[in-house]
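Sharing a model prediction with you, sequence too.
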Amino acid sequence: MTTDSTDTSAIDALFDFPCDFPIKVMGKSHPEFAGAVTEVILKFDAEFDAATMEVRPSSGGNYTGLTCTVRAINRAHLDDIYRALTAHPMVKVVM
């Protein structure tokens, strides 16, 4: 049995929505980076608490990694958050 790459039901079965989901975001180190990411997330999760965000600078200090745990309502909601973060000019990578 093969799974079509466009069939997301197998992936969706791994999650029990709604759920808390950690998203890792990387970008160039900038004083406004965490705030910008918080603004994007708040558009989708009004109860997101920026105080829970984990911040890790790279070893050279040029980049900052953030782990933001969002409350995902369903797969489409999670995809929307990923798309919005990826589209932000300060964001380099979203995982």
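Yep, that arrived.

and the gap between S59 and K92?
As judged by CB to CB, to the nearest Å, S59 and K92 stand 16 Å apart. Quick note: C-beta positions are derived from backbone N, CA and C, even for glycine.

Which residues are in contact with Y82?
Neighbouring residues of Y82 by CB atoms under 8 Å, 6 or more residues apart in numbering: I23, V94.

Just the pLDDT at the residue nearest to D12 when sequence neighbours are not counted, thanks.
Nearest residue to D12 in three dimensions, chain neighbours excluded: R75, at 5.3 Å (CB to CB, 6 or more residues apart in numbering). For R75, the model assigns a pLDDT of 94.

Straight-line length of stretch 42-49, end to end?
By CA to CA, to the nearest Å, the extent of stretch 42-49 from end to end equals 9 Å.

Enumerate the positions of it that are buried.
The neighbour-count check on stretch 42-49 (16 or more other CB atoms under 10 Å) flags F44, D45, F48 as buried.

I'd assumed V70 was in contact with the second one.
Just to be clear, that refers to D45. Yes. Between D45 and V70 there is a contact at 4.7 Å, judged by CB atoms under 8 Å.

list residues touching both of the two?
I81.

Off-centre distance for the host helix or strand of D80?
D80 is part of helix 75-87, with elements assigned from DSSP states H and E. Distance, stretch centre to chain centre, for helix 75-87: 7 Å (CA atoms, centre = their mean, to the nearest Å).

Follow the chain on from that helix and name the next helix or strand.
Immediately after helix 75-87, counting by DSSP H and E, sits strand 91-94.

need the contact list for I81.
With CB under 8 Å, 6+ apart, I81 has these contacts: I23, V40, I41, F44, D45, V70, A72.
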